[in-house]
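A.B. asks: from the sequence below, what's the structure:
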Amino acid sequence: MSYYLNTDARGVIHQIGECLPTAAEGSFRCAMARAARQIAIWDQRYRQRRALRELSPEILQDIGVSREDALLEAAKPFWIA
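C.D. replies: Residues are numbered from 1 along each chain as shown. Below is the predicted model:
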């Protein structure tokens with residue numbers, strides 16, 4: 001099941017309506033909604049991994065993540081979960 005989505009100023013994805021295709025136009029809109037959702041997820045992953053790479057050793061210690069683990073996660077491509 002897909003949803004129409006909206007992203008706020010902070011980049012947080014919000015669900016704003018369920019996508020239920022009933023005709024060809026609805027199917028196209030649902031496909032576009034799914035594509036937009038996937039792009040938003042990829043963008044969010046990219047930003048989170050970039051931020052993780054830039055965290056200081058003290059912050060990483062506070063959250064219980066080693067520098068090596070943080071760098072391994074940050075090195076993943078955005079399309080891999």
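A.B. asks: same for the host helix or strand of Ala36, what does it pack against?
C.D. replies: Using DSSP states H and E, Ala36 sits within helix 24-53. If you count contacts as 3 or more Cβ pairs under 8 Å, 6 or more residues apart in numbering; DSSP states H and E, helix 24-53 packs onto strand 2-7, strand 13-19, helix 67-74. The way it works is simple: take the backbone N, C-alpha and C, and place the C-beta from them, glycine included.
A.B. asks: mean confidence for it?
C.D. replies: Mean pLDDT, helix 24-53: 89.
A.B. asks: buried residues in that helix?
C.D. replies: Of the residues in helix 24-53, Cys30, Ala33, Ala36, Arg37, Ala40, Arg45, Arg49, Leu52 count as buried by neighbour count, 16 or more other Cβ atoms under 10 Å.
A.B. asks: what is the helix or strand just after it packed up against?
C.D. replies: For helix 24-53, the following helix or strand on the C-terminal side (DSSP H and E) is helix 57-63. Counting contacts by 3+ Cβ pairs under 8 Å, 6+ apart, helix 57-63 packs against helix 67-74.
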